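Q: This is a predicted model, with the sequence first.
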Amino acid sequence: MRVLLAAPLLFILILFALSNKQAVEFGLWPTDVQVTVPVSLAVLGIAGLFFLFGALVAWSGTLAERSRARRAEATVRQLEAQLASVRASRPALSLSPPA
């Protein structure tokens, strides 16, 4: 299933990279460092960085819910243990059928 989704996307990315071979120059402002890379590499690199940034933002947004879920699971385990101990300490009720 993943191959069916990944293959067309990979094909499109390869076509994009092959069709955009023009060079673009990147410079770091306070220094004189300049790097010349193909446009396709620049665009795909920036898209990859923003994808990772978005994944980090989405992951950090779920931290509170995960913490709350862990606390709730611990509480449930504690309550189940208490219930089991109460059930073990009480004798079972034996009800006779009505006559």
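A: The structure has been received and is ready for your questions. Numbers count the residues shown, from 1 in each chain.
Q: so residue 5, which of the three states?
A: Using DSSP: H, G, I helix; E, B strand; the rest coil, the secondary structure recorded for residue 5 is helix.
Q: pLDDT score for it?
A: Model confidence at residue 5, given as pLDDT, is 87.
Q: Next, the buried residues of the longest helix along the chain.
A: Here the longest helix in the chain is taken by residue count, with DSSP state H as the criterion, and it is helix 63-89. Of the residues in helix 63-89, none count as buried by neighbour count, 16 or more other CB atoms under 10 Å. All C-beta spots, glycine's among them, are computed from the backbone N, C-alpha and C.
Q: what about residue 3, distance to residue 15?
A: With distances taken as CB to CB, to the nearest Å, residue 3 is found 18 Å from residue 15.
Q: From the neighbour counts alone, determine which of these two ranks first.
A: residue 15 (11 against 8; other CB atoms under 10 Å).
Q: any idea how far residue 8 is from the more buried one?
A: 11 Å.
Q: Over to residue 37?
A: Residue 37 sits 26 Å away from residue 8, taking CB to CB as the criterion.
Q: And what about residue 91, helix, strand or coil?
A: Using three-state DSSP as the criterion, the local structure at residue 91 reads coil.
Q: burial count for it?
A: Around residue 91 sit 5 other residues, with neighbours defined as other CB under 10 Å.
Q: The most centrally placed residue in the chain: which element?
A: Centroid check for the chain by CA atoms, centre = their mean gives residue 59 as the closest residue, at 5.3 Å. Taking DSSP states H and E as the definition, residue 59 sits inside helix 39-61.
Q: May I see the buried residues of that helix?
A: Of the residues in helix 39-61, 40, 42 count as buried by neighbour count, 16+ other CB under 10 Å.
Q: Alright, calling it a day.
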